[in-house]
Structure formats: C-alpha cells, structure tokens
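> this one's sequence-less:
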C-alpha cells in the first residue's frame, strides 16, 4: 500500500525562492552577502599586502604639537620632497610651502564639513564601510567646489611641474560607480620616526615624503588590521604614486550571477547522479572563489562572488537531495490514509489498520472508530495495540465511554463495571481516583483523572500515618514534598513527568503522567529475556537519563528494573519513583525495610554513607546483569550475608552464564559494579557510550 506523497518545489521554484531569500538577506541590517563579499575582500587584501611599501615615505608622530613648526622647518631645510600633515591646524607662522594639510575635515555618513586654517591640501574624511572597516577613499569631496582628498592633494603636489598640468585627474582614479577608490594595502615596512630621532639624524628626511600625525590618536579598522590616520594616508598616497588601486566595475557582480545561473541550469537539465551533482556544485563554488582571488591578486580587480556562490552551492545541494531521495510523481487525496485505515479495519486487518491510525493525530470525530478498533484488537489478544488506542482516546477525552476502566484493566468490557473496593479513597486534591493499578514497597498507585483539564494521570498515594511512627510523620511529609518537587523539575524524555505534588489528610500524593507499557522486571527472568541489543539500548537510555538527573543534583537511590517502564509499541522508556527511596530513610512502623532495594544497593549505600551518581550507576549495573541473565549478581541467604557479598565478593562474569555474550560486557559490568565508587564510570553518559559501542560486538 502506498504511503502519503511528499511534494517538493521544482527547480525553477526552488531557485526563485532562494533568490528571494538571498535578496532579503542582502538588505540592512543583515546584509549577509555583502558581509561575505567584504570578508573575501579582506582575505585577498591580506594576501596581497606582502608587497613592501615605497621607501620614500616616512612617518613621523608628534608627542607635542609644539614640534609641528620645528618639523616643517627641519624638513624644508634638509630637502624633504613634501610634508603631509594630518593635524587639523597648521603651526602658527610656520613655513608651509612644502607642506599640505587638511583644508577641510569631514565626518559621518552625512558628510559634515568643517574648514580649517590650512591653505594647501585636501579634505580629511576617514569614512568606514557599512561594517565599520575602512576599505575605500573618497578622492573628491562634492561640496561647493570639488575638494580632493588629502592623499590625492599630496600626490598632485608631488607631480606638479610635469608635462601634464593635472597628471592625476579624476578620470584616471579607477573609481567605482559610487565615486569610491578601493584601497590597495601594502605590507609592513613604513619607516616611523620620532622628533628626537630626526634631530639626531635630520638627513633621514632628504628626498622623502613625510607624513605627520599626532601620537595617541585613534586607530581605524582595516582589512590588514588597525591603522592610525597617518598610516592610512601613507597606504593611500603609496597607491597613487605607484599607480596601485583595486578596480571594479558595475558589470562584475552581474557576470558572477550569470555564470552561477548558467551552471545551475546545466546541472538541473543534465541527468547526473546525486553525488556528481553535489561534487559539481562544490567545484563550481570553489571555481568562483578562485576566480575572485586570481582577479584580485594578479589584476587588482575586485570581483564580488558571495551571492552567486551561495546560489550555486544551495541549488547543487537541493538537486543532490532530490536525486538521492526521489519522490512519487502522482498526487494522492489528503484523506487517503484515513480512508485506507478504515478500509483495513472493515476487512479485519486490524494490526495494519492500527499502524495507519498510529501515524495520525486523534480528533474528537475519530473516537468512536478508534474505540471499536481498540476493542477488536483486545479481542484478538493484541493488548499492547489496544492499550495504545485507549490511551490516545483518553488524551483527547478521558470520560469517553469506559476508556479509563479499559486502561486500568484491559480485560474490562464496555458493559462490565469494576467492583467498588471497601474503604478506597475516591479523591486526593483535585484528582479523581478511578482504580487501583499497582502497589509498591511504599504507597498505592491509582489511575486518576484531572477534571480541570480532562487528563488521565497516575496518582501515587502514601498513607503517612500507616507508614511512619507518629513522631516522624511531619519529617516524612516534608521530605516527601521536597524530594517530589526536586524530581518534578526534571524534564527528560526518559524520566516520568511529575505534574503535581500535594497532601490531604494523612495522605501525601504525586500526580504524574500515566505510562503505558511494562516494567522491565517482567523481562528479568531466564525464560523472558529481551534481545541483547535491545537490553543494551534500554540501559544506555537509562544511563543518559540518570546523567541528566545527576547534573541537576538529583540522585534516584533505587534504580532497578521494577522502576523502569518500557512501551514497545512506541519504543518509549521512562524511569519512575525518583525521590521515593529517600523517603524510606525515615523511621517507619514497618520493620525489616531499609533504604532502597537491598539486592540493588551499593556498598557505600549499605554502610549508610552519603550517596551520589555513582550509587545509581552501581544499581544500573546490577539491573543490566539481571536483564541479560535473569539472575542477580549478588545473592545471600539473609540480609547480613547479602550485605557482606555486595561489599566484599566479586560478581560472576556474565559470559560464564551466557556464552553467547561478548567479553566487552564483562568489562562494562566490572567497571559498573566496582566496589570503590571512584573506579566506576565517571558519569551516566560515559556508561551509555560504552553500552552503545558494545552493540556492534553483539551484532
């Protein structure tokens, strides 16, 4: 029988959706593709920055602005070609005919201009890219008059007197469509001097281009690291002098998209396997990145490819996925699954019908047919499937027909009503107690109902007056509430969920989720053992749940198969009775009862020492031994003898009882059942890992 179809968008629709997603992610404030392109630009700039800078450029930093005038005089006297100052004001009365400075200061994206007293030079505007990094220079400030940048003004001063009246014109600057010049960065090597060093060797300025800056001024983020203003001017003017800048064009991005689009269409129409499709998309993406790198490093051309690379890679992954997991071409009506389930139930193929119903959410309109299916499954002896059906009905309407009685006693028919027990309590708190469904070493478990939300629950009730001496009742009640509240904070798929805790009259109670399935002690006898791989998996899940509890400072203290529930129909495992063992430590009216279950207790627990997570792992090791063999590893004719055996004698190797088991299980149990807690597994997670590794050897 065909299953429900799954639809995926065709390639054209998938590409359109991807382009829309890329477009949305390219808008502020995310700007994903732009940020990826800038990251590539920074990477290529770092690689290209190995070129040493021109030796004719010297940097000077001033600790005191009073040195400014002396430096200009010193530079002029010793034949410096040009002084470029980044200080906002020229020195009073200084000789500035060989110096240029910032005639205007600009700041912010709105280009707020402030004029200075410099008469020669250009604007100083350190404008960052959208991500706060300096990658470009605006060579011309569009104000009332076109003011060149300070670096451009300096470069023009150096070339005055050549054949061209304006050797460095705007038309020669390789500007992008926004009027920006993308900076080329050089490697380390700019000579940087202090005024005291210049006084000692003033000839160091001869024939040099001197760039002056104030010490302690801010630094700017760039592709090659943080640089001062004077260092940025040095990189910029070096690019002017050597004709070096990074060029780009408006068609560059379009070309990348065109190549990526053609490649995607070719992959879509060619009958390639999923592996070849994935490999081709990956190689195409790598080729785009390589093209961008080679263009930058060899031709100083910036080719943005992040968006096209994302389109190609994502489309290739989509094609590979659809080709590895092909889908049915024909469509099915939406209600086909429900129709098929009803048809199977009418033909008497009940288990197949249950399989389909199990996949569907339960609605109020389905309750009657589900009830009939559950009853028919019960009549055929399929108790687990019938219980699953009744449990799902109860989750929608706990008062539907006699479903609560069905859950309490699967043999109960619709016309039969359970006999009322003499003296049984009917309510605890807001919970209606429908039927007793179990008894333990302490307390009775009832099938209950929460009328406020119409939910089926299990209610564990403990008669404090009957269980404890009068002077210890208050202590026991307080400990019960405290331990139950602590356990109630645990939220793990393999730990029973506690909904509520309270007390009424002489009873303390816990309301928890009603569990389907059977206790694992039902499978702890030699003729009822579960398959070994399943045992290892269930114990591994238990170990992981204990690891979660231990990390939240909760110790169970009474781990044993009877406190682990497993539902094979849904493959669900739950640990129950957290905190109950701690309550048993209080003096009780009953005799011969000690904390925990003696056969599953650790040496330190028997000796009354403080227990921790290692105690639970010891008990889990005993549970594993019993579930594998049907026998306990430690036995004694009396309580005293049992305590001595647990504390002093080694257990029998599990492989001596079952020769078909691998030796790795002996090693696992040896560590889990070590007498010294420090020699056991460090955590439940570590024990779970060892158990899952053993599954491969069981094979």
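Cool, got the structure. What you see is a predicted model; the values in this text were computed from it and never measured. Numbers count the residues shown, from 1 in each chain.

> separation between residue 30 and residue 43?
For residue 30, the distance to residue 43 (Cβ to Cβ, to the nearest Å) stands at 21 Å. Using the backbone N, CA and C atoms, a C-beta is placed for each residue, glycine as well.

> which one's more surrounded, those two?
residue 43 (15 against 11; other Cβ atoms under 10 Å).

> in which helix or strand does that one reside?
Assessed by DSSP states H and E, residue 43 sits inside helix 32-48.

> and whichever helix or strand comes after that helix, which residues are buried?
In the C-terminal direction, the helix or strand that comes right after helix 32-48 (DSSP H and E) is strand 57-62. Neighbour-count burial for strand 57-62 flags 57, 58, 59, 60, 61, 62 (criterion: 16 or more other Cβ atoms under 10 Å).

> which residue is the nearest non-sequential neighbour of the fifth one?
Once flanking residues are discounted, residue 61 sits nearest to residue 215: 4.5 Å by Cβ to Cβ, 6 or more residues apart in numbering.

> quick check: the one you found touching residue 63?
Yes - in terms of Cβ atoms under 8 Å, residue 215 counts as a neighbour of residue 63; the distance is 4.9 Å.

> can you pull the contacts of residue 685?
By Cβ atoms under 8 Å, 6 or more residues apart in numbering, the residues touching residue 685 are 543, 544, 547.

> closest one of these to residue 354?
Nearest to residue 354, judged by Cβ to Cβ, of those is residue 544 at 29.7 Å.

> touching, the closest one and residue 686? I think so.
No - counting by Cβ under 8 Å, residue 544 stays clear of residue 686, with 10.4 Å between them.

> so for those two, which sits in the more crowded spot?
Remark: of residue 544 and residue 686, residue 544 carries more neighbours, 21 against 15, as counted by other Cβ under 10 Å.

> and the pLDDT at the more buried one?
Per-residue pLDDT puts residue 544 at 96.

> how about it: what's its closest non-neighbour residue?
Nearest one to residue 544, counting by Cβ to Cβ, 6+ apart, is residue 688 at 4.8 Å.

> ok, the one you found - how many residues close by?
23.

> just the helices in the stretch 351-500 of the chain please.
Under the criterion DSSP state H, counting those that start in this stretch, the stretch 351-500 of the chain contains helices at 367-379, 383-396, 403-408, 464-467, 473-488.

> who wins for proximity to residue 107 among those?
So among the helices of the stretch 351-500 of the chain, helix 473-488 is nearest, using Cβ to Cβ, at 59.5 Å.

> quick one: average confidence on that closest one?
Mean pLDDT, helix 473-488: 79.

> can you check stretch 343-360 too?
Averaging pLDDT along stretch 343-360 yields 83.

> list the buried residues for that stretch?
Buried residues in stretch 343-360, counting neighbours by 16+ other Cβ under 10 Å, are found at 344, 345, 350, 352, 353, 354, 356, 357.

> of all these, which two lie farthest apart?
350 and 356 (11.1 Å).

> which residues do these two both contact?
Common neighbours of residue 350 and residue 356, using Cβ under 8 Å, 6+ apart, are residue 344.

> hmm, back to that, check which helices and strands the helix holding residue 43 sits against.
Identification of packing neighbours for helix 32-48 by 3 or more Cβ pairs under 8 Å, 6 or more residues apart in numbering; DSSP states H and E yields helix 11-25, helix 274-299, helix 306-324.

> quickly compare the ones you listed and say which is most buried.
Ranked by mean neighbour count, the helices and strands packed on helix 32-48 are led by helix 306-324 with a mean of 21 (mean count of other Cβ atoms under 10 Å).

> how near is the spatially closest residue to residue 392 that is not a sequence neighbour to residue 370?
In space, residue 392 comes closest to residue 362 once its chain neighbours are excluded; the distance is 5.0 Å by Cβ to Cβ, 6+ apart. Residue 362 sits 7 Å away from residue 370, going by Cβ to Cβ.

> return the most buried member of the helices of the stretch 351-500 of the chain.
Scoring these by mean neighbour count under mean count of other Cβ under 10 Å gives helix 403-408 as the most buried, with a mean of 22.

> roughly how far is that one from the heart of the chain?
42 Å (Cα atoms, centre = their mean, to the nearest Å).

> next: stretch 29-49.
Averaged C-alpha coordinates place stretch 29-49 at 26 Å from its chain's average position (Cα atoms, centre = their mean).

> tell me the mean pLDDT over it?
Mean predicted lDDT for stretch 29-49 stands at 89.

> quick check: buried residues in it?
Going by neighbour count (16+ other Cβ under 10 Å), the buried part of stretch 29-49 is 32-34, 36-38, 40-42, 44-45, 48-49.

> now distance to residue 495 too, for these, in JSON lines please.
Shown next, in JSON lines, are those (distance: Cβ to Cβ, whole Å):
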{"residue": "32", "distance to residue 495": "41"}
{"residue": "33", "distance to residue 495": "45"}
{"residue": "34", "distance to residue 495": "47"}
{"residue": "36", "distance to residue 495": "44"}
{"residue": "37", "distance to residue 495": "49"}
{"residue": "38", "distance to residue 495": "48"}
{"residue": "40", "distance to residue 495": "49"}
{"residue": "41", "distance to residue 495": "52"}
{"residue": "42", "distance to residue 495": "49"}
{"residue": "44", "distance to residue 495": "54"}
{"residue": "45", "distance to residue 495": "54"}
{"residue": "48", "distance to residue 495": "58"}
{"residue": "49", "distance to residue 495": "57"}
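
> hey, where'd the helices end up in the stretch 501-650 of the chain?
Using DSSP H, counting those that start in this stretch, helices in the stretch 501-650 of the chain cover 532-551, 580-583, 603-606, 613-629, 639-648.

> compute the inter-axis angle for the first one and helix 613-629.
Inter-element angle recorded for helix 532-551 and helix 613-629: 170 degrees (by axes from the mean of the first three to the mean of the last three Cα atoms, to 10 degrees).

> orientation of helix 532-551 relative to helix 473-488 in degrees?
Using the same axes, to 10 degrees: helix 532-551 against helix 473-488 is 110 degrees.

> list the contacts of helix 532-551.
490, 492-495, 520, 529-530, 555-556, 559, 564, 566, 573, 575, 578, 612-613, 616-617, 620, 623-624, 627-628, 661, 683-685, 687-688, 691-692, 694-695, 698.

> are any of those residues buried, and if so which?
490, 492, 494-495, 520, 529-530, 555-556, 559, 564, 566, 573, 575, 578, 613, 616-617, 620, 623-624, 627-628, 661, 683-685, 687-688, 691-692, 694-695.

> just the ones of those residues in strands?
Cross-referencing the buried ones among the contacts of helix 532-551 against strands under DSSP state E gives 564, 566, 573, 575.

> now stretch 257-270: how far from the chain's centre is it?
Using Cα atoms, centre = their mean, the offset of stretch 257-270 from its chain centre is 33 Å.

> next, the buried residues of it.
Neighbour-count burial for stretch 257-270, with 16+ other Cβ under 10 Å as criterion, is recorded at 257, 259, 260, 261, 263, 264, 267, 268.
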